[in-house]
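Participant: let me see the structure of the following:
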Amino acid sequence: MTFSALYKLKRIQKYQLLQFHLEEMADPRLRGTLSACILLTYSIGIMLISLIGTHVSWKMSAGLGVAIALIDLVGYSLLHESPVWLVRNNRINEARKVFSWLWGTGHHVEVESDLQELLKRIEDESTDPTSDTDSSLVSSHKWKQYLRPQVYKPFIIIHVFNIMQIVCGTNLFIFYAVDIVSGLTTDGSLDSNLVTNLTSIVRVAFMAVSCVILVWLGRRTICVSSGLGSGISAVLIGTFVYMHNVHAWVITGFVLLYVAFNTYGYFVMPPSMIGEILPSKIRCVGGAYIFTMNDIGMFFATKAFPSVARAVGTHGLFWIFGVSSLLCSLFLYLMLPETQGRSLVQIEEYFLQSNVLWLTRKKCQRGRNIII
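Facilitator: You can find the predicted model right below:
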């Protein structure tokens, strides 16, 4: 149990830090795609280690895991520090070097533009009358930073998104796939293992699709369409199961549709957007809190799932998944800002506006990019 706890702590820290580090350094146009690639490789790794575990002993599997962790260590040692962290610690020249490394040779204008934009944002924070940067106030009023709109608005949005993801069945379907698929029909006409394997293949395939579409489609489009598609599919699955007279493979087709829609949006976007819309001052603490609460919520959901499944049946489960997905889609349509192609500084500036709903935002232009 000790080794298991240490492994899970390492996994959460590694994944969270990788997401934050990547989102602070990546080109805004590719930030979402690169974040999705982390989830894709993570899922592929789980699939591969599961396959290996069926052919070799657990000691050999554990040894392979340690070897991969050592490769990770070498890779981390080659990473540059985040320019956001460097600027906050007054290491301006080092931040300039990191921007130069990211842009490559011949991009001095872009390097200085990104650096000055970041410096201005840090300076604005220091002159903000509600800021907690005054050292005399830090110890007694540090909690007040969470009451500023640029902090609590994105925090609430992404926190609600992550919690609702649990009720939408994103991870529950993965954990209880065989049990759920077995309950789709009562006559045993479906091979539950075959359908479960098909859902795994569809999930990996659409995670790869998400890595591509994030280059062209906005976050709002992906999230809302994912919720609508998975919600409608889940409601139809529940209805078909309740009717008892729909062909098993029709139900299977809609199950695969549910997994596909759910994967490319609801599975990928909640963890990817934590580091994207949370302000830099609370990104680590706020992100760690959300990851922790999400894991706690997932723990209780997995423990309660068997009892809920017996109480409402398989059709009831999919109705819960469907209605939750549709409600989450409505919430995101109203609240979630479009962050595709925007820098982290511009995203923070959006939350300084007085609006709550995305549709009531102010539109303005500044510099090279349009602020949300």
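Participant: switch to C-alpha atoms for all contacts and neighbour counts from now on
Facilitator: Fine.
Participant: ok, so what distance separates residue 120 from residue 349?
Facilitator: Note on residue 120: its distance to residue 349, by Cα to Cα, to the nearest Å, is 12 Å.
Participant: now swap in residue 61 and tell me
Facilitator: Using Cα to Cα, one obtains 47 Å as the distance from residue 61 to residue 349.
Participant: would you map the helices across the stretch 51-200 of the chain?
Facilitator: 58-77, 83-88, 92-103, 108-127, 135-141, 149-167, 172-175, 177-182, 192-213 (DSSP state H, counting those that start in this stretch).
Participant: check which residues of the first one are buried.
Facilitator: Residues of helix 58-77 classed as buried by neighbour count (16 or more other Cα atoms under 10 Å): residue 61.
Participant: what's it packed up against?
Facilitator: Contact here means 3 or more Cα pairs under 8 Å, 6 or more residues apart in numbering; DSSP states H and E; on that basis helix 58-77 packs against helix 31-53.
Participant: so who does the closest residue to residue 151 other than its chain neighbours touch?
Facilitator: Leaving aside its chain neighbours, residue 151 sits nearest to residue 279 (6.3 Å; criterion: Cα to Cα, 6 or more residues apart in numbering). Taking Cα atoms under 8 Å, 6 or more residues apart in numbering, we find residue 279 in contact with 150-151, 154, 344, 348.
Participant: who's in contact with residue 255?
Facilitator: Residue 255 makes contacts with 199, 233-234, 237, as judged by Cα under 8 Å, 6+ apart.
Participant: tell me which element residue 240 is part of?
Facilitator: In the assignment (DSSP states H and E), residue 240 maps to helix 219-243.
Participant: does anything pack onto that helix? Which helices or strands?
Facilitator: helix 248-262, helix 283-335.
Participant: what packs against the longest one?
Facilitator: Packing contacts for helix 283-335, counted by 3+ Cα pairs under 8 Å, 6+ apart, involve helix 2-25, helix 149-167, helix 172-175, helix 219-243, helix 269-277.
Participant: would you mind finding the most buried of those helices?
Facilitator: Comparing the helices and strands packed on helix 283-335 on average neighbours per residue, with mean count of other Cα atoms under 10 Å, the densest one is helix 269-277 at a mean of 25.
Participant: that one vs helix 149-167, what angle?
Facilitator: Interaxial angle, helix 269-277 versus helix 149-167 (axes from the mean of the first three to the mean of the last three Cα atoms, to 10 degrees): 170 degrees.
Participant: any idea of the mean pLDDT for helix 269-277?
Facilitator: Helix 269-277 shows a mean pLDDT of 79.
Participant: centre of the chain to that helix, how far?
Facilitator: The chain centroid and the centroid of helix 269-277 are separated by 5 Å, computed with Cα atoms, centre = their mean, to the nearest Å.
Participant: ok, now stretch 79-99?
Facilitator: Here stretch 79-99 shows a centroid-to-chain-centroid distance of 25 Å under the convention Cα atoms, centre = their mean.
Participant: ok, and the closest non-adjacent residue to the residue nearest the centre of the chain?
Facilitator: Centroid-nearest residue in the chain, with Cα atoms, centre = their mean: residue 271, separated by 1.8 Å. Spatial nearest neighbour of residue 271, excluding adjacent residues (Cα to Cα, 6+ apart): residue 162 at 7.5 Å.
Participant: residues touching the one you found, list them.
Facilitator: Residue 162 neighbours (Cα under 8 Å, 6+ apart): 270-271, 290, 294.
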